[in-house]
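A.B. asks: Sharing a model prediction with you, sequence too.
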Amino acid sequence: MTSLSILFPCYNEEANLPGMLEEAVKLGEQYGVDYEVIVVDDGSADRSAAIVQEWTRKNPRVRLVQHSKNEGYGAALGTALRSAAKDLVFLTDGDRQFQLSDIEKLFAKIDSCDAVTGYRLARQDGFYRRLNGRLWTGLVKLLFGLPVRDVDCAFKLFRRRALEGLEFHSRYLLVHAEILARLKKRGCRIEEVGVPHYPRPAGEATATKFSSVLKTFVELFKLYWRIR
């Protein structure tokens, strides 16, 4: 590994961002490589952007990319991926439900593949969220033949060259499935590994709003027709 992009989107995560940024910078320094930390603020209404701006003044390796309005989780991840400039691209969320140090589990596999995706061990979400996740993963695997057990796990590592030239259209919750489906269609090798999952320390998840779920299903079938 010669360089590493650490990416995560945020939306109203002011309570989680200080710890998340500290952990991300510590991770980059720990491995002693050329690294960057890119935070995409998706039109937050709280102090999320201001907190990241404070970090950019302290550490030039931290970058803030802002959406002027809330464009959706998928749009934020797409912006993050387009902004990455390093050889390896690590993608996670800003809600601190993972320990970034567990990236070592992904590093252990990346030499033999193009992408490594985590799957959540003992997922720390409510019953209905876990059930919906299993049903969703089953549907996505059926449609796209993806060789993974947890499509939406936000703990992924990619070789940047595998992502080059790919266009991601999902603006909502489909984005993880779209990334993996497009990599599979390109012939990329995808591996997976279990990673611990933790309760959200602060804030509330917004991804399960009915409007977002409905839009995601519309995107799902559009994607199926595009790449089948």
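C.D. replies: Looks like it came in fine. Numbers count the residues shown, from 1 in each chain.

A.B. asks: show me what contacts residue 115?
C.D. replies: Going by C-beta atoms under 8 Å, 6 or more residues apart in numbering, residue 115 touches 156, 157, 158, 159, 162, 180, 183, 188, 189, 190, 191. Quick note: C-beta positions are derived from backbone N, CA and C, even for glycine.

A.B. asks: For residue 225, give its distance to residue 218.
C.D. replies: The gap separating residue 225 from residue 218 is 12 Å, by C-beta to C-beta, to the nearest Å.

A.B. asks: Residue 4 now?
C.D. replies: Plainly put, residue 4 is 35 Å away from residue 218 if you go by C-beta to C-beta.

A.B. asks: the more surrounded of these two?
C.D. replies: Set side by side, residue 4 and residue 218 show unequal neighbour counts under other C-beta atoms under 10 Å, the larger going to residue 4 at 23 against 11.

A.B. asks: Of the contacts of residue 115, select the buried ones using a PyMOL command.
C.D. replies: For selection in PyMOL, the members of those meeting the burial criterion (16 or more other C-beta atoms under 10 Å) are listed in this command:
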select buried, resi 156+157+158+159+162+180+183+188+190+191
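
A.B. asks: tell me the SS of residue 4?
C.D. replies: Put simply, residue 4 is strand when judged by DSSP: H, G, I helix; E, B strand; the rest coil.

A.B. asks: How about the contacts made by the residue nearest to it when sequence neighbours are not counted?
C.D. replies: Nearest residue to residue 4 in three dimensions, chain neighbours excluded: residue 35, at 4.5 Å (C-beta to C-beta, 6 or more residues apart in numbering). With contacts taken as C-beta under 8 Å, 6+ apart, residue 35 has the following neighbours: 3, 4, 5, 6, 27, 28, 29, 61, 86.
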